[in-house]
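Chemist: got a structure for you, letters missing:
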């Protein structure tokens, strides 16, 4: 399973909207949408918190 699929699955399992996940990761909702579509990938160093 790819990152995009895993991210979307885990987000939905936790009952989070893209907006809620974006707030938790301190990124835009559009970034989450791009990650879930496979259009882009996160910069992992920025997500370590």
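Modeler: That came in fine, so what should we check first? Just so it is clear, the model here is predicted, and its values are computed rather than measured.

Chemist: going forward, measure contacts between C-alpha atoms and count neighbours the same way
Modeler: Fine.

Chemist: longest single helix anywhere in this protein?
Modeler: In the chain, assigned by DSSP state H, the helix with the most residues is helix 3-13.

Chemist: so for that one, what gets flagged as buried?
Modeler: Counting neighbours by 16 or more other Cα atoms under 10 Å, one finds that the buried residues in helix 3-13 are 4, 7-8, 11.

Chemist: same check on stretch 30-48?
Modeler: Result for stretch 30-48 [16+ other Cα under 10 Å]: buried residues 31-33, 35-36.

Chemist: what comes into contact with that stretch?
Modeler: Identification of contacts with stretch 30-48 by Cα atoms under 8 Å, 6 or more residues apart in numbering yields 3-5, 7-8, 18, 21-22, 25.

Chemist: same question, stretch 8-25
Modeler: Residues outside stretch 8-25 that contact it (Cα under 8 Å, 6+ apart): 28-29, 31-33, 36, 47.

Chemist: quick one: least confident of those?
Modeler: Minimum pLDDT for the contacts of stretch 8-25 is recorded at residue 47 (74).

Chemist: now do the phi/psi pair for the residue nearest to the spatial centre of the chain.
Modeler: For the chain, residue 32 is the residue whose C-alpha lies nearest the centre (Cα atoms, centre = their mean; 4.1 Å). Backbone torsions of residue 32, given as degrees, to the nearest 10, read phi -60, psi -40.

Chemist: same check, this time on residue 26
Modeler: According to degrees, to the nearest 10, residue 26 has phi 60, psi 50.
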